[in-house]
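>>> Here you go, sequence then predicted model.
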Amino acid sequence: MESRLTKLEAIILTLATREDLARLEGKVDTAFHRLETTIYEVKATIHKELNSQTWKIITWMTGLCSALFAAGFYIAGHIS
C-alpha cells in the first residue's frame, strides 16, 4: 500500500497545474495567430502573382492573335 502511495506522489509532481496550462494556452494562441497571419500573407501574394500572370497571358495572346490575323489578311490579299 505504501509503495503505491509513493508512486502516486512521484507522479503528482510531474502533473501540470492550471497555471501551466494557461501559459501553454497563451503560447499556442500566439503561435496560431502568427501562423494565421503568415497564411493570409501567402494567400495575398499568390493572388497577386496569379493576377499578374493572367494579364501577361492575355496580353501575349491578344498580340499573337492580332499578328496572325494580320498575317492571314496580308497573305489572303496577295495570293490572287
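Done, it's in. Residues are numbered from 1 along each chain as shown.
>>> In this structure, where is pLDDT below threshold?
Scanning the chain for pLDDT under 70 picks out 80.
>>> Quick one: the helices in it, in order.
2-12, 18-79 (DSSP state H).
>>> Can I get the ones you listed in TSV including mean neighbour count?
Backbone N, C-alpha and C define where each C-beta goes, glycine included. Shown next, in TSV, are the helices of the chain (neighbours: other CB atoms under 10 Å):
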stretch	mean neighbour count
helix 2-12	9
helix 18-79	10
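>>> Would you quantify the distance from Leu24 to Ala76?
Going from Leu24 to Ala76 by CB to CB, to the nearest Å gives 76 Å.
>>> meant to ask about Glu36, not that
Glu36 is 59 Å from Ala76, by CB to CB.
>>> Equivalent analysis for Leu68, please.
Leu68 is 12 Å from Ala76, by CB to CB.
>>> cool, and Ile12?
In terms of CB to CB, Ile12 sits 93 Å off from Ala76.
>>> Kindly report the same for Ser66.
16 Å.
>>> and if you look at His47?
43 Å.
>>> try Arg18
85 Å.
>>> what does Ala70 give?
11 Å.
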